[in-house]
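Chemist: 3D, please:
(one chain, ligands or ions: 1)
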Amino acid sequence: MATFSINLKDGSVEQPKPVIVGIDLGTTNSLVAYMKDGRSTCVKGKDGKSTLVPSIVHFAQNEEIIVGDAAKTKLETDPANTIYSVKRLMGKSFKDVREQQDFFGYQILDDDTDSLVKIRVKTRFYTPVELSALILKELKNRIENELGTAVSKAVITVPAYFNDNQRQATRDAGKLAGLDVLRIVNEPTAAALAYGLGNEEGRTETIAVYDLGGGTFDISILRIENGIFEVLSTNGDTFLGGDDFDRVIVDFWLKQLSAPHSSDGFMSSDEWIKNKEFGQQIRLLAEAAKKALSSVEVFEGELNGRKVSLTRATFEGLIEPFVRRTLDCCKNALRDAKLDVGQIDKVVMVGGSTRVPLVKKSVSGFFQKTVFDSLDPDEVVALGAAIQADILAGNQKDLLLLDVTPLSLGIETVGGLMDVIIPRNSKIPTKAGRQYTTSVDGQKNLKISVYQGERDLVEHNRKLGEFILKGIPPMPAGLPKIDIQFILNADGILFVRARELRSNLEQHIEIRPTYGISEEEMALMLLDSIQNAQTDMQSRSLLEARNEANNLLLSGDKFLQQHNEILSESEKATTQALLKALREATKGEDKDAIHRAIEELNEYTAPLAHRALDATIRQAMRGKKV
Ligand code: AMP
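Modeler: Residues are numbered from 1 along each chain as shown. The predicted structure is shown next:
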């Protein structure tokens, strides 16, 4: 039973020590783990069988969405509506994945090659973020069932080579699933944490993490110094793994079955493959054989009433080229890290395929070391993520807590635009600033309104507070230099300071940005910004065009007044007509029309401005000798 307490100040219900879970969001399988009685533990499904949730989502005819084992059974029967390997698409554009399109049995939308990929399921389109969120929700349900309480905070692991887009996409998926993602952790780092590596104070260790899963291979070289993990290099092959081992067994058996001496007028291997049901049967038997051969020397089975067998020695011969390829990647990773094999202190094994004895033996031989393999290789990353979560929960005191700000912080600028000063997901404590100026001659006061959110217009974001910088000395518009600094401290308190640099005038406020905002609201704000990105971009460019036009109209009027005598009547009339056209255009909604009017005005007045400048210089030089 969970304990709750009520905050008497604002009536909110609080859970004194929230559980922070660790999640391994994998390409083939995903897991969730937490600290149970001081030990990192992976959570099993309701049936109590497995800790693995296949990373597969199925969209049924009746709109039902199924995730995990039940969805896996639909891979063969309903491939178009069954989505797997979505992690391969995270943060990618169609251009990035065009070459690999054949790998996916479902439809990837080819609309605009530079925008992020979408997946078509029936009449709807899903982003990889939404699909990953469905897998994360399944994991969230799993842990909530286990604990009997709501869980809203998580640490999620990603491959060390994931770029910012891919990491951000993973965070967004967490948010959509109702999870506050406290930290994104590299998978090899989590694996090392699971083995308690890097805890010895004052020692620097270099660790190789060899991760061979179902469809991907990664090797990462890490350096751990005083609890800080640094990725020195990564290498691998995104299409190499246990599935290849299964495939070579299938090929081997097909050859056996259709060989002339063993055939009694049987089907050819091509015909075997075309038979879907048989294809599925033989693949499953091949995987069973592979798994069995990790502990026995000979496997014997039956296919359509015919006996098939495989010895470990034959199997090892079949997969040897793949294993060699992984070792080539290890060589490259060492070269990139500028290290010799002898400089690696420890080797950690991750991924289901490292159970294969030949893999273990080869890796151990390559690095000349006994490898770390006592933990379940499928669970090791999730176990480490739960340890990282425990560190963040403050239960492991000797480690530093680094946090991030969940939503962007900024101020309102001309036209109601949001100008972001601290982008979301910035590590805190952090500090950032920018210089602004006035938009009106002689402006004495400047209102600084502070907002939080991802939308381009402040009216759609959350206002945190405002203050007025009063008593700016009178100066023409654009001359005052107003420096605005945002300082977000480790407790999440935002300090905003505005200072006019010519007069040293200063004002500030203190705000707590996350005060009174729930995780759900935050998730909604984020979702809102994703859904409205297009309209936001349009309104932003329209407002920016109008701002530019208004500045030009002001200086245009000034120009006509100041240089009346050097302009001909027709020049004045044309300039006035162009100014009028621009003023009209700013009243409309068409940003291109505003840009066109700006261009026409600029083009016509450029030579006039040159002439005005020459006249001013001549005036200034009059009576002076050079
Ligand atoms: P992962 O992507 O880390 O979940 O790894 C899954 C891969 O590990 C699949 O190709 C499985 O067939 C493989 N695997 C699981 N158990 C064993 C085993 N006992 N021996 C060999 N391979 C295994």
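
Chemist: Now do the phi/psi pair for Trp323.
Modeler: Residue 323: Val, not Trp. phi -60, psi -40 (degrees, to the nearest 10).

Chemist: Need the pLDDT of it.
Modeler: We note a pLDDT of 98 for Val323 in this prediction.

Chemist: just Ile282 next, same as before
Modeler: Predicted confidence (pLDDT) for Ile282: 92.

Chemist: gap between it and the ligand?
Modeler: Per C-beta to the nearest ligand atom, to the nearest Å, Ile282 is found 15 Å from the ligand. Every residue, glycine included, has its C-beta placed from N, CA and C.

Chemist: Which secondary structure element is home to Val209?
Modeler: strand 204-212 (DSSP states H and E).

Chemist: Beyond that strand, next helix or strand please.
Modeler: Sequence order places strand 217-225 as the next helix or strand after strand 204-212, per DSSP H and E.

Chemist: ok, for the residue of the stretch 501-626 of the chain found nearest the ligand, nearest residue in space, not its chain neighbours?
Modeler: Using C-beta to the nearest ligand atom, the closest approach of the stretch 501-626 of the chain to the ligand is made by Ala523 at 28.7 Å. Nearest residue to Ala523, sequence neighbours excluded (C-beta to C-beta, 6 or more residues apart in numbering): Lys175, at 4.7 Å.

Chemist: ok, residues contacting the helix or strand where that neighbour lies?
Modeler: Using DSSP H and E, Lys175 falls within helix 164-176. Under the criterion C-beta atoms under 8 Å, 6 or more residues apart in numbering, residues 25, 90-92, 128-130, 132-133, 136, 154, 156, 158, 162, 180-181, 184, 425, 522-523, 526-527, 530 lie in contact with helix 164-176.

Chemist: How about stretch 431-442?
Modeler: For stretch 431-442, using C-beta under 8 Å, 6+ apart, the contacting residues are 413-414, 419, 421-422, 426, 446, 472, 474-488, 501, 551.

Chemist: Sort out for me which of the contacts of helix 164-176 are in strands.
Modeler: Members of the contacts of helix 164-176 lying in strands (criterion: DSSP state E): Leu25, Ala154, Ile156, Val158, Asp180, Val181, Ile184.

Chemist: re earlier: and the strand holding Val209 with strand 217-225, angle?
Modeler: On the basis of axes from the mean of the first three to the mean of the last three C-alpha atoms, to 10 degrees, strand 204-212 is oriented at 170 degrees to strand 217-225.

Chemist: Pairing partners for strand 204-212, with directions?
Modeler: Using DSSP bridges, the strands paired with strand 204-212 are strand 217-225 (antiparallel), strand 346-350 (parallel).

Chemist: The first one: what's the following helix or strand?
Modeler: Going back to what we said before, that points to strand 217-225. As assigned by DSSP H and E, the chain's next helix or strand after strand 217-225 is strand 228-237.

Chemist: got a list of what the residue in the stretch 151-300 of the chain positioned nearest to the ligand touches?
Modeler: Nearest residue of the stretch 151-300 of the chain to the ligand, counting by C-beta to the nearest ligand atom: Gly242, 2.2 Å away. Neighbour list for Gly242: Leu212, Gly213, Gly214, Gly215, Glu287, Lys290, Gly351, Gly352, Ser353, Val356 [criterion: C-beta under 8 Å, 6+ apart].

Chemist: Then Ile530?
Modeler: Counting by C-beta under 8 Å, 6+ apart, Ile530 has contacts Val129, Asp172.

Chemist: Which pLDDT value belongs to it?
Modeler: 71.

Chemist: Distance check, it against Ala523.
Modeler: Ile530 sits at a distance of 11 Å from Ala523 (criterion: C-beta to C-beta, to the nearest Å).

Chemist: got it, and Gln538?
Modeler: Taken as C-beta to C-beta, the span from Gln538 to Ala523 is 25 Å.

Chemist: More neighbours: which of these two?
Modeler: It is Ala523, of Gln538 and Ala523, that has more neighbours when counted by other C-beta atoms under 10 Å, with 21 against 13.

Chemist: That one contacts Val181, doesn't it?
Modeler: No. Using C-beta atoms under 8 Å, Ala523 makes no contact with Val181, being 10.7 Å away.

Chemist: still on that earlier bit, contacting residues for the residue of the stretch 501-626 of the chain closest to the ligand?
Modeler: Residues in contact with Ala523, defined by C-beta under 8 Å, 6+ apart, are Lys175, Leu176, Gly178.

Chemist: quick one: it and Phe467, what's the gap?
Modeler: Distance from Ala523 to Phe467, by C-beta to C-beta: 30 Å.

Chemist: Also Leu75?
Modeler: Leu75 is 58 Å from Phe467, where distance means C-beta to C-beta.

Chemist: Ok, Gln443 next?
Modeler: To Phe467, Gln443 is 16 Å away according to C-beta to C-beta.

Chemist: again with Gln280
Modeler: In this view, Gln280 and Phe467 are 67 Å apart by C-beta to C-beta.

Chemist: Skipping adjacent residues, who's closest to Asn145 in space?
Modeler: Lys46 (6.7 Å).

Chemist: got it, and Ala288?
Modeler: Nearest non-adjacent residue to Ala288 (C-beta to C-beta, 6+ apart): Gly301, at 7.1 Å.

Chemist: Kindly give the local confidence score, pLDDT, for the residue of the stretch 151-300 of the chain closest to the ligand.
Modeler: Here, the pLDDT recorded for Gly242 equals 96.

Chemist: which parts of the stretch 201-350 of the chain sit against the ligand?
Modeler: Residues of the stretch 201-350 of the chain lying near the ligand by C-beta under 6 Å from any ligand atom: Gly213, Gly214, Gly241, Gly242, Asp243, Glu287, Lys290, Lys291, Ser294.

Chemist: how about 5 Å then?
Modeler: Within the stretch 201-350 of the chain, the positions lying close to the ligand (C-beta under 5 Å from any ligand atom) are Gly213, Gly214, Gly242, Lys291, Ser294.

Chemist: after the helix or strand containing Gly301 comes which helix or strand?
Modeler: Secondary structure from DSSP H and E places Gly301 in strand 298-303. Once strand 298-303 ends, the next helix or strand along the chain (criterion: DSSP H and E) is strand 306-311.

Chemist: Only alpha carbons, please: show that next one as PDB.
Modeler: Output of strand 306-311 as PDB, limited to C-alpha atoms (Å, rounded to 0.1, in the frame of the first residue of the first chain):
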ATOM      1  CA  ARG A 306      10.600 -34.800 -41.200                       C
ATOM      2  CA  LYS A 307      13.500 -34.800 -38.800                       C
ATOM      3  CA  VAL A 308      15.900 -31.900 -38.700                       C
ATOM      4  CA  SER A 309      19.000 -31.600 -36.600                       C
ATOM      5  CA  LEU A 310      21.900 -29.300 -35.900                       C
ATOM      6  CA  THR A 311      25.100 -29.700 -33.900                       C
END
